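Asks: Just to be clear, the model below is a prediction. Sequence and coordinates:
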Amino acid sequence: MADSKLRDLSTDFAVKVIKTCDGIKGHYSLVNQLERSSTSIGANIHEANYAHSKADFVAKFQIALKECYETEYWLELFVKSELLDREIAKELYNQCGTIRRMLIASINTAKENSNDGKK
């Protein structure tokens, strides 16, 4: 259930970033970086559902987590460069933060569950 919610949140987030980027003129390489990192979050979460092992699952979620941190960086850069309105960025930043916290919790749970079998 939580994985499904996480998939949905990450997909909705990626769509919002893509639509937001449509309104940014110029700076195509920066826009590309933001789009790539934000869409990679959901792609890795989706891919984790087809993991070959618990370790593979955790690895995909950790990549998605890194992409969350990168996306937050790009959003901050866009605001500081005045390419993106602070309020729009704040909403996206909050959504990204929610996904990040869910990923951290899922990674910790998956690691704990895999450690239970080694006792």
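Replies: Happy to help now that I have it.
Asks: average model confidence for the longest helix anywhere in the chain?
Replies: Longest helix in the chain, counting residues (DSSP state H): helix 86-116. Average pLDDT, helix 86-116: 93.
Asks: repeat for stretch 52-71
Replies: 97.
Asks: from the chain's centre, how far out does the longest helix of the chain sit?
Replies: Offset of helix 86-116 from its chain centre (Cα atoms, centre = their mean, to the nearest Å): 8 Å.
Asks: Just the buried positions in that helix, please.
Replies: Neighbour-count burial for helix 86-116 flags A89, L92, Y93, Q95, C96, I99, R100, M102, L103, S106, I107, A110 (criterion: 16 or more other Cβ atoms under 10 Å). Quick note: C-beta positions are derived from backbone N, CA and C, even for glycine.
Asks: now the third one: how far from F78?
Replies: Distance of Y93 to F78, given as Cβ to Cβ, to the nearest Å: 10 Å.
Asks: Also the fourth one?
Replies: With distances defined as Cβ to Cβ, the gap from Q95 to F78 amounts to 15 Å.
Asks: go on, the fifth one?
Replies: Counting by Cβ to Cβ, the separation of C96 from F78 is 13 Å.
Asks: mind checking how far stretch 28-45 is from the chain centre?
Replies: 9 Å.
Asks: again with stretch 103-118
Replies: 19 Å.
Asks: Which residues does that stretch contact?
Replies: Stretch 103-118 is contacted from outside by 2-3, 6, 45, 54-55, 57-58, 61-62, 64-65, 68, using Cβ atoms under 8 Å, 6 or more residues apart in numbering.
Asks: No further questions, thank you.
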